[in-house]
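*Asks:* Pasted the sequence and its predicted model underneath.
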Amino acid sequence: MPKLTVNSIEVEVEQGASVLQACEEAGFEIPRFCYHERLSIAGNCRMCLVDMERAPKPIASCAMPAADGMVISTQTDRVKKAREGVMEFLLVNHPLDCPICDQGGECDLQDQAMGYGHDGSRYKEAKRAVEEKQMGPLIKTIMTRCIHCTRCVRFATEVAGVPDLGAIGRGEQVEITTYLEKTIASELSANVIDLCPVGALTSKPYAFISRPWELNKTESIDVMDAQGSNIRIDARGNQVLRVMPRLNEDVNEEWISDKARFAIDGLKTQRLDKPYVKRDNGKLEAVSWDEAFAAIAKNLKKVKPNNFGVIAGDQIDAETLFAMKLMMEKIGSPHMDCRQDGAYIDSNARGSYLFNSTIAGIDEADAILIIGSNPRIEAPVMNARIRKQYLASGLPIAYIGQSVDLTYPAEYLGSNASILADIAENNHPFCNTLQSANNPMIIVGNGVYTRHDAKALLHHISEIVKTFDVVHKGWNGFNALHNAASRVAGLDIGFLPGKSGKSARAMLADAADEKMAMIWLLGADEIDTNMLENTFVVYQGHHGDVGAHCADVILPGATYTEKNGLFLNFEGRVQEVRRAAFPPGDAKDDWSIIRAFSAVIGQPLPFDTHEACRQMLVLSFPHFAEIGQIRSSRWKKIGKSGKISDEPISAGLTEFYMTCPISRASQTMADSRTSRENNTKQIAAE
Amino acid sequence: MSIHDLVADDQPENFSFSAENEDKIVKIIAKYPEGRQASAVMPLLDLAQRQHDNWIPMKAIELIAERLGMAKIRVLEVASFYTMYNLKPVGKYFLQLCGTTPCMLRGSDDVTRCIKDKLGISSGEMTSDGKFSLLEVECLGACVNAPIIQVNDDFYEDLDYDSTETLIDALSKDAPPPIGSVKMRSGSQAETGPTSLEKMAAKSQKKKSEKTAGTAAEQGRS
């Protein structure tokens, strides 16, 4: 461990650390543009110059490995002058358009020019101008502002794993572009907007919308997938204007998916802002809350509790699920399910439905087998973590399911379910890899859980876990990868069929057979609503999506940006969604809708505030109080041997951009999908 | 300069290496250790350029990327970095005129002027008959014999306005004059003749002039 002196402060840093990191360790901030701790070192901006004893000239601290006995000074006149020189050159070709630049107010170049810039320019020649590039519907380019730090190029190549970006030309003619100006084929592409230290790459949907200092910033959690990426919601007044990632090393590092960032324009359209009741003429009519509740209560009276069920969707907070469960218990119906996709999950073994290794645990894995999932679109940020581990260790990765490009080399074992049996019986080439791995990981996705023979498949997977010691002391390598943000909370709370209760699939089948007279859809839109034609449907949710189209009564609820609530990500990590804006019109918080309705039917739930609701939830399930934490659980054998169908194993999702009511209402997501499809078509045409 | 200015608008539909070049490619790639095939990108680009009328079409870039397991943009980065790779068609005689300081001091501006007068083209342009194109480049590394024009692979040195005119006339008739110094200097010897090692110089001069005469005669025949 090298020991060195920075401005006469002695620091000890890890072997391989750079001088820049040593300076930070000593408490001195070094200005930089190209250096980024999560990317490889480029050393091309020269802003991080520092003085090193016995060096004839200042050194680029980001690219100089710290060594024993170095004496570094960061505050000498020479350093200041050198940095001022670098800044002057960077500004030679940088336009003076801060007043119309979207980066203004959060621009590294602007900030550092305050420290190292001159008040006037000595440059009298013509400035260069660069044509804009097309990078798809998410990223706006103003390439004249580019200072060629190549952070975006390195991000696309290293983190996203899609080497689409590059710097063409040389010297003064260098330009950053995609190959033939195609859309960046990544689900993480928009992170380059955050990485860009200047205003060259900015957010297209957010262009000219607002200034950073006008925004109210709310720290929250993304619910577009089940990873629970930490986000910051920026709102002005009651409008959510943008979503940015928040740093959380254990969950999303500092990346978020394009869907998490840009689906928010869907919050503005197709919103349910009033309760509706379907009249005899088949038309929905806006009514008051009382009328809507009365209509439901009237129907509920006619229906036996056994003919009434609730299906919860994918973006419901834990409090709402809890309130609904309590109400169902009071009504006396056992039919409730939080698995609208029909996933088979054994809720008795908590350790068998979590992502047990944790996301950070991927960094310790030395072999990965993915079954029935395409993590690239189901949890893109987690997928980037697998790629990171691949780059760091070159670990073997194999997958069973649809053949896809995961952004890292992965062996495709096929889609036949019988492969699982082969592996379990130690009769497959990949067994050797699993055998020799110390920390093998198995990721099981919805492609397995939603199959009718999931039980039998899980039996084989359990066998694999046992045979290859996937779960052993200090390591739990069994990982369930869910797609629904509310799934783990739902399972923990037990929002599942009670005694002789029916699963979501069974409820829908019964509804089609007119055996289920009434169904309450709690934000459930990803179901086959044709089966609900003869059923009295209550839809509680925030968007006029398929669920609302088949509803007899609509109760307008709140989206994840408009409520406080708890979500558990697929690791089982408790995280809090916070309100950044208020629901539109008459729409209300979902828990309060259920509370109000419970009073209408004379069975009031024992809480009046959100806090009281959460307190009760925590009393019943104490681990919900441990915000940010994971309560780990022991893995138990799951599944049961049985017949396996020949149907090939698919991935949990085949579509990234439009998967929930919010993203389906989002124009930006629709544009992104079209533009990615065009990319593919172009390649196919070639 | 966007990508559209950098590469030709009119791109061929297909590109494939000739059988002879395929053999060369195998040898070139074999020079590099396993997993480092990408190192062969520059010789392969050169092969493509020589095979394809002295310019590299995008299809060739894509083919090379595929062959070496590189991203297309990585190959384009290399091809666009070096001025020696042409991404647009060039004339039959591709004149690369050095304009760096030593050549400039020795009168490269006169050479530029001559080309403009004779052919009507400036740097980056091509004559309408497609016979000549001109590119001003950085140091060609023969400053002792400045100013220099590189015609395709050959250097013509010690040029001035008049000798450039003669050179262009000869090229127009597809009769390239002997390469090297147009003042018939041997290497970088002083114009007035050798000032030291005179005997040795005279010997080598004799040898060289015989050889040049031979090559010129050969060139005349072909």
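*Replies:* Arrived safely.
*Asks:* going forward, measure contacts between C-alpha atoms and count neighbours the same way
*Replies:* Will do.
*Asks:* mind checking which helix or strand the residue in chain B sticking out farthest from the centre is in?
*Replies:* Residue distances from the centre of chain B (Cα atoms, centre = their mean) peak at residue B:199, which lies 34.2 Å from the mean C-alpha position. Secondary structure assignment for residue B:199, by DSSP states H and E: helix B:198-221.
*Asks:* try residue A:177
*Replies:* strand A:175-178.
*Asks:* next helix or strand past that strand?
*Replies:* helix A:191-195.
*Asks:* average pLDDT across that next one?
*Replies:* Per-residue pLDDT over helix A:191-195 has a mean of 96.
*Asks:* what are the bridge partners for the nearest residue to residue A:477 once chain neighbours are set aside, then?
*Replies:* In space, and not counting its chain neighbours, residue A:477 is closest to residue A:441: 4.3 Å by Cα to Cα, 6 or more residues apart in numbering or on different chains. For residue A:441, the beta-bridge partners under DSSP bridges are residue A:368.
*Asks:* and residue A:441, how many neighbours does it have?
*Replies:* When neighbours are counted by other Cα atoms under 10 Å in any protein chain shown, residue A:441 registers 29.
*Asks:* From residue A:650, how far out is it?
*Replies:* Distance, residue A:441 to residue A:650, by Cα to Cα, to the nearest Å: 19 Å.
*Asks:* re earlier: any part of the strand holding residue A:177 near chain B?
*Replies:* Yes - interface with chain B: strand A:175-178 contributes A:175, A:178 (Cα under 8 Å from any Cα of the partner chain).
*Asks:* what does that strand rub up against?
*Replies:* Outside of strand A:175-178, the residues within contact range by Cα atoms under 8 Å, 6 or more residues apart in numbering or on different chains are A:130, A:133-135, A:143, A:148, A:150, A:153, A:164-169, A:184, B:1-2, B:73.
*Asks:* Can you flag which of those belong to strands?
*Replies:* A:165, A:166, A:167, A:168 (DSSP state E).
*Asks:* Nearest to chain B, out of the residues you listed: which one, please.
*Replies:* residue A:168 (4.6 Å; Cα to the nearest Cα).
*Asks:* what's near enough to touch the nearest residue to the closest one once chain neighbours are set aside?
*Replies:* Once flanking residues are discounted, residue A:168 sits nearest to residue B:77: 4.6 Å by Cα to Cα, 6+ apart. Each residue near residue B:77 by Cα under 8 Å, 6+ apart is listed here: A:166, A:167, A:168, A:169.
*Asks:* mind checking how far the second one is from residue A:257?
*Replies:* Remark: distance between residue A:167 and residue A:257 (Cα to Cα) = 24 Å.
*Asks:* from the ones in strands among the contacts of strand A:175-178, which is closest to residue A:491?
*Replies:* Lowest distance from residue A:491 to these (Cα to Cα) belongs to residue A:165, with 42.0 Å.
*Asks:* From residue A:681, how far out is that closest one?
*Replies:* 20 Å.
*Asks:* Which of those two has more residues huddled nearby?
*Replies:* Shown here are residue A:165 and residue A:681; by other Cα under 10 Å, residue A:165 has more neighbours (27 against 11).
*Asks:* That one contacts residue B:73, doesn't it?
*Replies:* Yes - under the criterion of Cα atoms under 8 Å, residue A:165 makes contact with residue B:73 at 6.7 Å.
*Asks:* Pull up the overlap in contacts between those two.
*Replies:* A:178, A:179.
*Asks:* returning to that earlier point: and residue A:167 and residue A:257? Which one has more around it.
*Replies:* Neighbour count, other Cα under 10 Å: between residue A:167 and residue A:257, residue A:257 has more, with 26 against 22.
*Asks:* Nearest residue to residue 149 in space, ignoring adjacent ones along the chain?
*Replies:* No chain was given, so I picked chain A. Counting by Cα to Cα, 6+ apart, the residue nearest residue A:149 is residue A:34, at 4.5 Å.
*Asks:* Wait, chain B was what I had in mind.
*Replies:* Per Cα to Cα, 6+ apart, closest to residue B:149 is residue B:97, 4.5 Å.
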